[in-house]
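In: A structural model of the following input is requested.
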Amino acid sequence: MRKLTLLLLIFSLFSVVACYDNGAVGDRGAIDKEVKLKGDNTLYGLACDGCSDSVIVFLPNEGGDPVKFNIVNAMKNNQVFGDIEIGDELAVLLNPKDSTEATLVIDLEQIKGTWTFQVIPKLKPNPTKTEEEIMAEMSDSMKAALFVPREYGFTLKSYNQASPVGYIFKSNTLEDESPVEYPKVTVYTRWHIYNGWLYIYKDTIDEKGNRIPDEKVGHDDGILKHLSADSMAALFGKKVMQYHRKKNAIEANKKAQEAEQKASVKDTIKK
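Out: As a prediction, the model looks like this:
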């Protein structure tokens with residue numbers, strides 16, 4: 001009996017090891033099946049040795065042996081997102097009429113990271129002057145100092161955690177008298193894949209500091225259009241958002257932060 005148990009254990013270990021490339025994956029693991037949203041028909045698991053442009057070899061989170069899925073039509077329809085490597089976490093949707101065909105594949109390892117788009121500030125409303133008049137009175141150096149682009153977006157992390165990108169630390173507490181203003185930064189806290197959609201959930205605390213019930217937490221829902229090592233595109237509503245990858249949230253706005261610090265020093269000296 002002990003020998004049989006030992007053989008079964010060894011067989012299970014070989015099945016898992018087959019999905020890793022000589023230990024290169026490290027401690028990365030597939031998304032736990034318990035984090036799936038209710039009603040989500042997506043399969044989660046790991047990419048195994050043998051993946052190609054026509055098939056993926058997939059080890060489901062639920063366990064068992066690796067299985068092969070045909071992805072020929074998914075490739076033709078541009079529904080394979082990311083550059084799949086052995087050991088990567090995958091999200092897979094199957095053809096409801098053919099369980100051997102994957103109609104959509106998302107490389108969850110590649111979708112993680114910091115994704116941003118550029119934002120330019122706008123002039124604040126002025127009761128006595130038009131935008132044209134204000135801009136005409138500004139020198140080129142003042143325009144360069146005021147209209148500093150910032151990077152907005154989000155960081156998608158392991159265990160479905162997310163955080164916002166776009167905040168700039170202000171080094172003084174004096175009232176902001178800048179003639180320009182930036183859009184409000186959207187606070188993101190977590191993310192999920194839901195039947196092929198990318199759900200990014202917003203802040204769980206309202207403006208008064210009260211906890212928002214889970215069922216009322218807002219989320220932005222996107223349909224992936226592109227995913228590669230350095231860029232991503234997703235359709236949110238009627239607008240396709242183009243993102244580029246950054247090292248992290250701090251690095252994304254390093255220049256904007258430096259510009260804010262310089263401006264704060266000048267304001268402090270003037271006052």
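
In: Distance of the closest residue to Asp203 other than its chain neighbours relative to Lys247?
Out: Computed as C-beta to C-beta, 6 or more residues apart in numbering, the closest residue to Asp203 that is not its neighbour in sequence is Val187, at 3.8 Å. Any C-beta I mention is one placed from the backbone N, CA and C, and that applies to glycine too. According to C-beta to C-beta, to the nearest Å, Val187 and Lys247 sit 21 Å apart.

In: Between these two, tell me which one has more neighbours.
Out: Using other C-beta atoms under 10 Å as the criterion, Val187 and Lys247 rank with Val187 on top: 16 against 10.

In: quick one: that one from Gly113, how far?
Out: Separation of Val187 from Gly113 (C-beta to C-beta) stands at 18 Å.

In: Touching stretch 189-202 from outside, list them.
Out: Stretch 189-202 is contacted by residues 35, 37, 39-42, 91, 93, 104, 106, 108, 111, 154, 156, 160-163, 186-188, 203-204, 217-224, 234 when judged by C-beta atoms under 8 Å, 6 or more residues apart in numbering.

In: Quick check on those residues: which are buried?
Out: Among the contacts of stretch 189-202, the ones that count as buried by 16 or more other C-beta atoms under 10 Å are 40, 42, 91, 93, 104, 106, 108, 111, 154, 156, 160, 162-163, 186-188, 204, 219-220, 222, 224, 234.

In: Report whether Glu258 is found in a strand, as I expect.
Out: No. Counting by DSSP: H, G, I helix; E, B strand; the rest coil, Glu258 is not found in a strand; it is helix.

In: can you pull the contacts of it?
Out: Not one residue lies near Glu258 by C-beta under 8 Å, 6+ apart.

In: Go through the contacts of stretch 189-202 and flag which are in helices.
Out: 108, 111 (DSSP state H).

In: Using the three-state scheme, assign Glu251.
Out: At Glu251 the chain is in helix, as set by three-state DSSP.

In: Go ahead and measure how far stretch 213-228 is from the middle of the chain.
Out: 10 Å (C-alpha atoms, centre = their mean, to the nearest Å).
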